[in-house]
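Asks: next input, structure requested:
(chains A and B)
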Amino acid sequence: MVQKIDLDHTRFRKIVRGAIRRDLKKHVANGALIARRGSKTVSIPVPQIQLPRFRFGTNQGGGVGQGDGEVGDPIDGKQQQEGQAEAGDQAGEHALEVEITLEELAQILGEELELPNIQPKGKRQVTAEVNKYSGLRRVGPASLRHIRRTFKRALKREIASGRFGRHGGVVVPVPDDMRYRSWEPKLIPQSNAVILYMMDVSGSMGDEQKEIVRIEAFWIDTWLKSQYKHIETRYIVHDAEAKEVDEHTFFHLRESGGTKISSAYDLCDQIIDGEYPPDEWNIYPLHFSDGDNWSGGDTARCLDLLRESLLPKVNVFCYGQVRSTYGSGQFKNDLDNAFAGSELVITSDIPDKDGIMDSIKQFLGTGK
Amino acid sequence: MTLTAELAELQQKVRRVAAAYGLDFFETVFEMVDWEAMNTVAAYEGFPVRYPHWRFGMSYDQISKSYSWGFSKIFELVINNDPCYAYLLQGNSLADQKLVMAHVYAHCDFFKNNLWFSPTNRRMVDELASHATRIQRHSSREGYDEVEAFLDSCLSLENLIDIYAPYATPGGRTKDRRRSRRVVRFEAKSYMDSFINPPEFIAEQRQKIEAERKRTPRFPERAERDVLYFLLEHAPLRDWQRDVIGMVREEAYYFAPQRLTKVMNEGWASFWHAKMMTEKLLEPHEFIDFAERHAGALAIQPGQLNPYKLGIELFRDIEDRWNKGRFGKEYEECDDLSVKRKWDTGLGRGRERIFEVRKIYNDVTFVDEFLTEDFCEEHKLFTYDYNPKTGRRELSGRDFREIKDRLLGQLANGGQPVIEVLDGNFRNRGELVLVHRHDGDDLDLGQARQTLQHLWRLWTRPVHVETVVDDRPRRLSYDGETHELVDL
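Replies: The predicted model follows:
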């Protein structure tokens, strides 16, 4: 009796997506979303979806209430706010909180950045064989008998032969009615991916730089997760020495030493060799640093490691350089010079939070 | 879904009880729906068919979200139509269904008898279905996006109607009456003529008319409160656009009385469901459940006025006062508190009086007439204000006059700012000027700016609204590209 609301609802979701896309830069730079890792949906305030009206401003509005209380008692139940109240320039914003899945958000990010769907490595694509029950046959083990189809056959036969009802409506299958499930082996392409995050935690990487890395890593992670079913993430931090850490440590640790980038690449290489055979895995090492390496000698070693050992194994190697007041930013130049023209190395300069979107685009825009 | 036999029987019982109390309602059709259908109907404001628009999808999104989080459950949904349609939620207990039915019958009585509902279309279910068809037809001809964008603009101006107009001019509006251009002379005997029609006065009138004639004609002649009507008549629109604006306006007028009588309507329904349930309908074992529901509906939260609560208490107060004769000059001028407290003339006109009240009052006149100082005190009403120092709203007083003024201010014009068309040919360049009749509260400027953009889309020439911002008269303008705020 009621018309389906689906059309209107879909239309509304589409408008929401549009609104999110317009402010995507802001949403992407919003570190708070990261706290929602692991939960299925996030709620995002989307301004200006509700139709505007001529209406009264609400902020300074008084009114009439009911209940006990003395003059001066607060009536809005909120805890006392710290410090001064916020300035009134927010008054006109009637933000609407909408729920959206992280996957959908990644999809929007992908559409906005025109990220290509990632092509899994062609010849190395792994297929798994599974049996799928998709048909029927007339012989088989009793454990696979298809009771509904069997009785359907029996009923058809009884009705066709005019015997239905003779046993008081009881249908008795004869051997000819028996039906069994049959299976077909199916090849299912299974693409696995591993992302190896490496971060420079030397003294020159400040909180702001780490925040940028954190946010960028989060979005890359979310996007790749929407592309691959099975995705693994590994975290490596390094100053003069590299070590593998868990996710939490990766995002919170602050060391203060010198910088020896090769140590991280070494460890990364070992992990790949040990656990992720390149013909079964799509491998994405991502390295973030402020580009201030220990010495020219170490840089040379890094380049060697990359050229000889890492690059042949990976889909793409990404290096993101976060700008900091202390870093010289030399490492990016060195990489660019050494691998000019190579599609396997992508470098990106991230000046500030607003640069995150562009950087993601540079990393993932190739669809590798 | 139709009702089960048990519920159908229950409906008949509730109906009989309601009629026995003197409620006079349209026949009511109850539909049993599951929660998803309920959310859908609620998103469509109670109607089974509406035109396609995303805002219904938005309310559906919010309603179903708050339902699934357990924040709220739509309890009762009834529409003003003949017959009335009401919805029962599948899976509610029998006591709940009974309560909803009782509540709904009282609403239907209110729809049928309250004068403010008298101009509304009682075939609105059909009308809205026809609107849906028409808008769908326009969509397929003009393109969905085109029609949707236009609807957005119309809907954002939806509240700019003259909600009292249907009562002033029955059967809709009349054309502007031109004032007669001749000086009126009263008939008089010749010796009386200079007294009845003094020459100075006649000369003055003549001058006035002359001045009027010389002045550039105003357009519109008088400020027009029905902005949608003005746009319908004078904006450069295509036929389908006129049709859409007309439909939006018609729906706005249909829904307006519900805003004008929110307190009364909910109060009336709550008053009767409580009476019917406790006196006639409840089984002994259902009392606790009923009490919980009833208390839930009437609960007050700090800082908010619950229309159910205010309404029911006012009706009860009126019934009590007219039963005991506690009104009129004698009662009001009585200075002796002890006499006043025991005042009871045994008048017994309470029931009769509340039926009268539900017929001829709306929220504004209802509160103005029946909210007494005693009532305020007994029900602990207070005023609150925003304190910029703490950034919070704080209780600011319990003064009766102040409370009543504020409350009336909130209810006036259905809680919407009063906005009129002042000039349709501003600067002689076909620009449109609206004026906000400022009454203490400023407009939300951010919203006003966006609304002007929508208005501009309809008018296609620069648009302005005159208002008051921070005690300074100002004009907000939009010319298709930029917004401007200038002092007047």
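Asks: now do the helices in the stretch 51-200 of chain A.
Replies: With helices called from DSSP state H, counting those that start in this stretch, the stretch 51-200 of chain A shows them at A:102-112, A:147-160.
Asks: nearest to chain B, of those helices?
Replies: For the helices of the stretch 51-200 of chain A, the distance to chain B is smallest for helix A:102-112, at 13.9 Å, taking CB to the nearest CB. Yep, even glycine has a C-beta here, placed from its N, CA and C like the rest.
Asks: wait, does that closest one contact chain B?
Replies: No. Residues of helix A:102-112 are not located near chain B by CB under 8 Å from any CB of the partner chain, the shortest gap being 13.9 Å.
Asks: picking up where we left off before, CSV please, covering the helices of the stretch 51-200 of chain A and showing distance to A:Asp6.
Replies: Output for the helices of the stretch 51-200 of chain A, formatted as CSV (distance: least, CB to CB, whole Å):
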stretch, distance to A:Asp6
helix A:102-112, 17
helix A:147-160, 31
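Asks: buried deepest among these, which one?
Replies: Most buried of the helices of the stretch 51-200 of chain A, by mean neighbour count (mean count of other CB atoms under 10 Å in any protein chain shown): helix A:102-112, with a mean of 18.
Asks: report the distance from that one to the chain centre.
Replies: 9 Å (CA atoms, centre = their mean, to the nearest Å).
Asks: which residues touch it?
Replies: A:17, A:20-21, A:24, A:27-28, A:33, A:36, A:40-42, A:44, A:115, A:219, A:222-223, A:225-226, A:360 (CB atoms under 8 Å, 6 or more residues apart in numbering or on different chains).
Asks: could you flag which of these are buried?
Replies: The neighbour-count test (16 or more other CB atoms under 10 Å in any protein chain shown) marks A:17, A:20, A:24, A:27-28, A:33, A:42, A:44, A:115, A:219, A:222-223, A:225-226, A:360 as buried among those.
Asks: contacts with chain B among those, please.
Replies: Okay, of the buried ones among the contacts of helix A:102-112, nothing touches chain B (CB under 8 Å from any CB).
Asks: tell me how the chain divides into domains.
Replies: Because you didn't say which chain, this covers chain A. A:1-51+A:94-112, A:126-188, A:191-364 (automatic domain parsing).
Asks: nope, chain B
Replies: Using automatic domain parsing, chain B is parsed into the domains B:5-114+B:261-293, B:124-166+B:221-259, B:299-412, B:417-487.
Asks: re earlier: and the domains of chain A, which is most packed in?
Replies: Greatest burial across those, using mean count of other CB under 10 Å, falls to domain A:191-364, with a mean of 19.
Asks: now that domain: mean pLDDT?
Replies: Model confidence over domain A:191-364, given as mean pLDDT, is 82.
Asks: distance between it and the chain's centre?
Replies: 18 Å.
Asks: re the thing from before, select from the helices of the stretch 51-200 of chain A the stretch with the lowest mean pLDDT.
Replies: Among the helices of the stretch 51-200 of chain A, helix A:102-112 scores lowest, at a mean of 80.
Asks: show me the strands in the stretch 51-200 of chain A, by range?
Replies: Ranges of strands in the stretch 51-200 of chain A, per DSSP state E, counting those that start in this stretch, are A:63-66, A:96-101, A:126-137, A:180-190, A:192-200.
Asks: let's have the ones you listed in TSV, adding distance to chain B.
Replies: Output for the strands of the stretch 51-200 of chain A, formatted as TSV (distance: least, CB to the nearest CB, whole Å):
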stretch	distance to chain B
strand A:63-66	5
strand A:96-101	7
strand A:126-137	33
strand A:180-190	34
strand A:192-200	33
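Asks: can you name the farthest residue from the center of chain A?
Replies: A:Arg166 (62.9 Å; CA atoms, centre = their mean).
Asks: also chain B?
Replies: Quick read of chain B (CA atoms, centre = their mean): farthest out is B:Tyr191, 56.7 Å.
Asks: SS state for that one?
Replies: Following DSSP: H, G, I helix; E, B strand; the rest coil, we place B:Tyr191 in the coil state.
Asks: in chain B, which residue sits nearest chain A?
Replies: B:Gly446 (1.7 Å).
Asks: what's the mean pLDDT across the helix or strand containing that residue?
Replies: Per DSSP states H and E: B:Gly446 is located in helix B:445-459. Averaged across helix B:445-459, pLDDT comes to 94.
Asks: check which helices and strands it sits against.
Replies: Here helix B:445-459 touches helix B:144-156, strand B:431-436, strand B:463-469, strand B:472-478, strand B:483-487, going by 3 or more CB pairs under 8 Å, 6 or more residues apart in numbering or on different chains; DSSP states H and E.
Asks: what's the angle from that helix to helix B:144-156?
Replies: 120 degrees (axes from the mean of the first three to the mean of the last three CA atoms, to 10 degrees).
Asks: list the buried ones in helix B:445-459?
Replies: So helix B:445-459, judged by 16+ other CB under 10 Å, has buried residues B:445-452, B:454-459.
Asks: now do the SS call for the most centrally placed residue in chain A.
Replies: Against the mean C-alpha coordinate of chain A, by CA atoms, centre = their mean, the closest residue is A:Thr222 at 1.1 Å. Three-state call for A:Thr222 (three-state DSSP): helix.
Asks: which ones are touching it?
Replies: A:Leu102, A:Glu103, A:Leu105, A:Ala106, A:Leu109.
Asks: distance between the ends of stretch B:254-267?
Replies: One end of stretch B:254-267 to the other measures 21 Å (CA to CA, to the nearest Å).
Asks: can you tell me the average pLDDT over that stretch?
Replies: On average, stretch B:254-267 scores 94.
Asks: same check, this time on stretch B:189-196
Replies: For stretch B:189-196, mean pLDDT rounds to 86.
Asks: below-threshold pLDDT in the stretch 251-400 of chain B: ranges please.
Replies: Within the stretch 251-400 of chain B, the stretches with pLDDT under 70 are B:302-303.
Asks: can you pull out the helices in it?
Replies: B:262-276, B:287-298, B:307-324, B:328-332, B:337-341, B:350-360, B:363-370, B:373-378, B:400-411.
Asks: quick check: B:Asp479 vs B:Phe426, distance?
Replies: Computed as CB to CB, to the nearest Å, the B:Asp479 to B:Phe426 distance reads 12 Å.
Asks: any chance of the domains of chain B in TSV, with distance to A:Phe151 too?
Replies: Output for the domains of chain B, formatted as TSV (distance: least, CB to CB, whole Å):
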stretch	distance to A:Phe151
domain B:5-114+B:261-293	32
domain B:124-166+B:221-259	46
domain B:299-412	57
domain B:417-487	64
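Asks: which of the buried ones among the contacts of helix A:102-112 sits closest to B:Gln301?
Replies: A:Ile44 (27.4 Å; CB to CB).
Asks: isn't there a strand covering that closest one?
Replies: Yes. A:Ile44: assigned to a strand according to three-state DSSP.
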